[in-house]
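>>> Pasted the sequence and its predicted model underneath.
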Amino acid sequence: MTTTSTRLACALALTAGLAGAAHADSTTYVFLSPVGATTTFSGAINDVIAAAGSFTETFVTFGAPAASDMTFTAAAGTGITFTGITLSYWLDTTTLPLNSATVTGTSINATALDQISGTYQWVVTGVAATAGASITGTILEDTNIAAAVPEPGTWVLMLGGMGLMALTVGRRRRL
């Protein structure tokens, strides 16, 4: 009987340990819609964490037709603590650099500038104290990116090339 009791106790302890380390993962598709002028696209985040414990929530964005600056903001509901955020191409493991990212226990604010047109995924990690805790926020993509300004070296090369062309044309006319 002691062997059966020992096995039962071990099984209960293992089950309790697994339940305490529950890991919830989900993917939410966020379709971005034009806001006012068609240079800004926005999508709302309203997500509920399925189980208590650590979680990984993936928010996949569809919508912006051109290169854009992207901003992700989120607020934690009661019982959620955020631990991180990353950005990558959808269905790819290539992590993209964030120009700024502030992750506190209860909020996230991240920005990625000058991203090409495409489908992206924002991956948020954290810990939920209870099942049913929520995350709310917004994903914005602003396609009104300022045009690049040439550097001084580019202007020098361009003017030098035009000067050489003028000398060549002048020389041919004299001959």
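Right, received. Where do you want to start? Source: prediction; values computed, not measured. Numbering: from 1, shown residues only.
>>> how long is stretch 77-97 end to end?
End-to-end span of stretch 77-97 (Cα to Cα, to the nearest Å): 27 Å.
>>> List the buried residues for it?
Using 16 or more other Cβ atoms under 10 Å as the test for burial, stretch 77-97 gives 77, 80, 82, 85, 87. Using the backbone N, CA and C atoms, a C-beta is placed for each residue, glycine as well.
>>> avg pLDDT for it?
Mean per-residue pLDDT for stretch 77-97: 90.
>>> Pick out whichever of the buried residues of stretch 77-97 sits closest to residue 40.
Closest to residue 40 out of those is residue 87 (18.5 Å), distances taken as Cβ to Cβ.
>>> Distance of the closest one relative to residue 43?
Residue 87 sits 15 Å away from residue 43, taking Cβ to Cβ, to the nearest Å as the criterion.
>>> so residue 61 makes contact with residue 33?
No. Residue 61 lies out of contact with residue 33 (Cβ atoms under 8 Å); the separation is 11.4 Å.
>>> joint contacts of the two?
residue 43 (Cβ atoms under 8 Å, 6 or more residues apart in numbering).
>>> In terms of neighbours, single out the busier of these two.
residue 61 (25 against 11; other Cβ atoms under 10 Å).
>>> Name the helix or strand for the more buried one, please.
Residue 61 belongs to strand 53-62 when assigned by DSSP states H and E.
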